[in-house]
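Chemist: Provided below for reference: sequence and predicted model.
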Amino acid sequence: MDIYSFERKIEKYGIVTFDIFDTLLKRDVLHPADVFEIVKRIYKNRYQEDIDFKNIRMKAEKVAREKSCYAEVTLDEIYEIIGFPFKEKLKSIEVETESKVLHQNYAIKKFFDKCIEHGKTVYIISDMYLPKSFLDDILQREGYAGYRDIILSADYRKTKRSGELYSAFLEKYGIKAKEVIHIGDSWYADYLGAKKSGISAIHIHRLKKNTLYMEVPCDNVGLGKRSLFAFINNRASGFSKRSELLGYEVLGPIIYGYCLWIHKCYERIDQSSTGLTSLWFAARDMFLFNEAYKFIFGDEVKLDYIYISRKSLRPVLTMTTGDITESGNSFPRGNCSVEQIIKRMGYTLDDIVKTKDFDAGRLIDPRRLWDYPDVKIAMSSPRILEKERKLGEYGLKYLKKHGLEDSKIVLADVGWHGTTQYVLQRICDAIGSSEKIYGLYLGCLDSTNDRIGKENYKAYVFNEEENSHFAKGILLFESLILAPHGSTVRYRIEDGEVVPVFGEPDNLTDFLISVQSGAMNFVKDYKNSILSSNVSLSPSICTEAFCNLTMKPLKDELDTIGQMDYDDFELGKMAAPKPLIVYMAHPKKLYHDLKHSPWRIGFMYKLFKIRLPYGRIYSFVRGGY
């Protein structure tokens with residue numbers, strides 16, 4: 001029910017009463033008893049004692065209710081049953097935890113404010129054992145002001161469910177039932193209970209799905225998945241822009257979870273290393289991750305946001321190895337034309353050595369340039385070799401400045417095929433350094449183990465898993481984490497220091513800026529929540545929403561993300577198929593466009609506009625990146 005429907009329903013009533021839990025306030029956990037699990041974890045961390053608090057606490061409340069001669073019990077009476085030597089500590093932690101997991105219900109807050117604005121008299125009525133002063137503080141903190149009083153079952157020893165608490169409220173304030181309408185989430189306590197006392201009522205849903213791509217978790221899943229959903233779902237209705245919510249829900253958890261994983265991995269590596277270790281966040285894919293890491297850990301770990309790219313490292317590799325064909329090792333996997341290779345290196349056909357029958361349009365594997373003697377001769381012109389040497393010297397100086405030669409480098413990057421790590425290690429070997437490069441990646445595709453060795457890296461989400469849903473969306477992911485600066489193309493000397501030179505920055509549209517802003521807001525909100533230090537988030541939990549976006553996109557994202565630019569030798573779109581009638585006349589064109597689409601599943605949804613097993617179709621046409 002929207003706010004306008006509410007306004008029409010309460011128009012004839014002068015007094016509006018609200019329930020608290022799951023109405024005015026939402027918990028950042030899916031079930032109220034999840035609070036007890038968090039209390040257990042906090043207690044264990046503080047006092048190094050592991051107790052089954054959840055079951056103890058639930059049983060104690062049940063016994064307290066059975067023993068009580070009243071319809072409701074108090075928190076003190078519950079803890080009298082617990083009887084622990086440290087029950088006061090536990091009670092204090094429970095109250096603290098309840099406070100920190102409570103968050104305003106955005107949708108109801110808007111309606112609450114309308115009631116105050118329109119001169120309605122507002123009361124709050126709740127079946128609750130927590131103290132009135134505590135609840136008043138929370139409501140004020142969450143922006144609820146202007147209500148007359150809080151009526152609690154623990155104070156009156158009566159419940160809403162029986163209708164007696166409503167009757168006590170009417171009697172205390174001399175109000176007639178027909179003047180009042182109550183709003184709450186419980187069918188029995190808030191709707192039928194109010195009706196028993198003659199009060200009109202509006203029943204609202206306890207759990208409304210506000211998320212875009214996170215599914216409502218089952219009861220039997222872990223606390224991490226339940227609480228992350230509740231945390232995001234509670235805040236989702238507060239976003240005015242869908243794009244910001246998309247970033248909050250889809251990107252935020254990945255960035256946060258990966259940063260925590262990076263931190264733990266780096267600590268273990270640093271502790272086991274006998275020498276210096278340096279943590280590098282590779283520009284530019286790690287831009288948002290670097291910002292998030294600094295926010296989460298502050299100065300706890302020294303890190304470098306290192307301006308490197310395959311293009312900027314290529315001349316360093318050529319110069320240190322003394323072999324122009326080594327340039328090919330910096331290229332992504334897949335065949336391309338000789339002319340494309342030369343252009344990617346920053347040269348033109350006028351810069352090469354012209355040889356008889358040289359075919360610039362021939363498709364070759366750039367990672368095996370040594371297999372093409374004519375190409376090596378063409379690329380070995382004095383102009384190219386001299387420029388490669390100069391660029392290589394600047395690049396090597398930059399890398400050494402950041403610890404390449406005298407420390408163990410831990411490289412944080414998206415991963416995929418580990419090409420950057422491979423090139424850096426080849427450079428280290430070429431200059432006689434005994435240091436090893438270690439990679440910490442979001443994910444790694446097939447052939448990574450063979451290329452850099454499985455003992456030299458770890459992957460957060462997936463590792464050479466062909467059926468990984470995340471792997472099917474890696475180019476989609478890259479399109480959402482674009483940095484505001486361009487790619488590093490080379491290095492130059494400025495005031496005696498080596499500095500990076502950037503290419504043209506990508507066009508960060510308002511949509512993308514909003515998505516990234518939402519992602520960073522999640523990192524900040526979650527870091528500052530009680531969940532961050534007491535609930536573990538696995539990679540599968542953090543990536544669930546993104547995988548659903550990849551595999552089952554909704555129309556809004558097909559339209560916005562599908563039209564985003566993507567540049568791979570030539571400018572194209574993420575998922576923008578031609579009309580189906582075109583492909584019916586030219587089926588080979590369909591295969592070509594699908595194969596070269598960065599977001600193939602989005603391409604198929606956009607083209608056919610029906611739900612089919614596009615993941616399997618994707619696997620059929622899958623090619624190398």
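Modeler: All right, it came through fine. Numbering: from 1, shown residues only.
Chemist: helix/strand/coil for residue 181?
Modeler: strand (DSSP: H, G, I helix; E, B strand; the rest coil).
Chemist: likewise for residue 103?
Modeler: Residue 103 is classified as strand under three-state DSSP.
Chemist: phi and psi next, for the residue nearest to it when sequence neighbours are not counted.
Modeler: Closest residue to residue 103 apart from its sequence neighbours, by CB to CB, 6 or more residues apart in numbering: residue 234 at 5.0 Å. The C-beta positions use only the backbone N, C-alpha and C, and glycine is treated the same way. Note on residue 234: its backbone torsions stand at phi -60, psi -30 [degrees, to the nearest 10].
Chemist: what pLDDT does residue 234 get?
Modeler: pLDDT, residue 234: 95.
Chemist: hmm, it is touching residue 26, no?
Modeler: Yes. At 4.4 Å, residue 234 counts as touching residue 26 under the criterion of CB atoms under 8 Å.
Chemist: neighbour count winner among the two?
Modeler: More neighbours surround residue 26 than the other of residue 234 and residue 26, with 26 against 21 (other CB atoms under 10 Å).
Chemist: show me what the helix or strand hosting that one is packed against.
Modeler: Element membership of residue 26, judged by DSSP states H and E, is strand 25-27. Secondary-structure packing of strand 25-27 (3 or more CB pairs under 8 Å, 6 or more residues apart in numbering; DSSP states H and E): strand 102-104, helix 223-236.
Chemist: the stretch 151-300 of the chain: helices as residue ranges?
Modeler: Ranges of helices within the stretch 151-300 of the chain are 153-156, 164-173, 193-196, 223-236, 242-246, 252-272, 287-297, based on DSSP state H, counting those that start in this stretch.
Chemist: got the contact list for the third one?
Modeler: Applying CB atoms under 8 Å, 6 or more residues apart in numbering, the external contacts of helix 193-196 come out as 159-163, 165-166, 182, 184, 186, 200-201.
Chemist: out of these, which two sit at the greatest distance?
Modeler: Spatial extent of those (CB to CB) is set by the pair 159 and 200 at 19.1 Å.
Chemist: quick revisit: ok, which of the helices and strands packed on strand 25-27 comes nearest residue 38?
Modeler: Across the helices and strands packed on strand 25-27, closest to residue 38 is helix 223-236 (CB to CB), at 7.9 Å.
Chemist: so for the strand holding residue 26, mean pLDDT?
Modeler: If you average the pLDDT over strand 25-27, you get 96.
Chemist: same deal with stretch 319-330?
Modeler: Here stretch 319-330 scores 85 as its mean pLDDT.
Chemist: stretch 586-601 now?
Modeler: For stretch 586-601, the mean pLDDT works out to 87.
Chemist: related to what we said a few turns ago, for the residue nearest to residue 103, what are its contacts?
Modeler: 26-28, 103, 105, 210.
Chemist: again, 7 Å this time
Modeler: For residue 234, the contacting residues are 26, 28, 103, by CB atoms under 7 Å, 6 or more residues apart in numbering.
Chemist: now those as TSV including distance to residue 520?
Modeler: Listed next are those as TSV, based on distance: CB to CB, whole Å:
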residue	distance to residue 520
26	23
28	19
103	19
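Chemist: gap between residue 146 and residue 82?
Modeler: Note on residue 146: its distance to residue 82, by CB to CB, to the nearest Å, is 37 Å.
Chemist: looking at the two, which is more packed in?
Modeler: residue 82 (18 against 12).
Chemist: hmm, back to that, tell me which of the contacts of helix 193-196 fall in strands.
Modeler: If you go by DSSP state E, those have 182, 184, 200-201 in strands.
Chemist: thanks a lot, see you next time.
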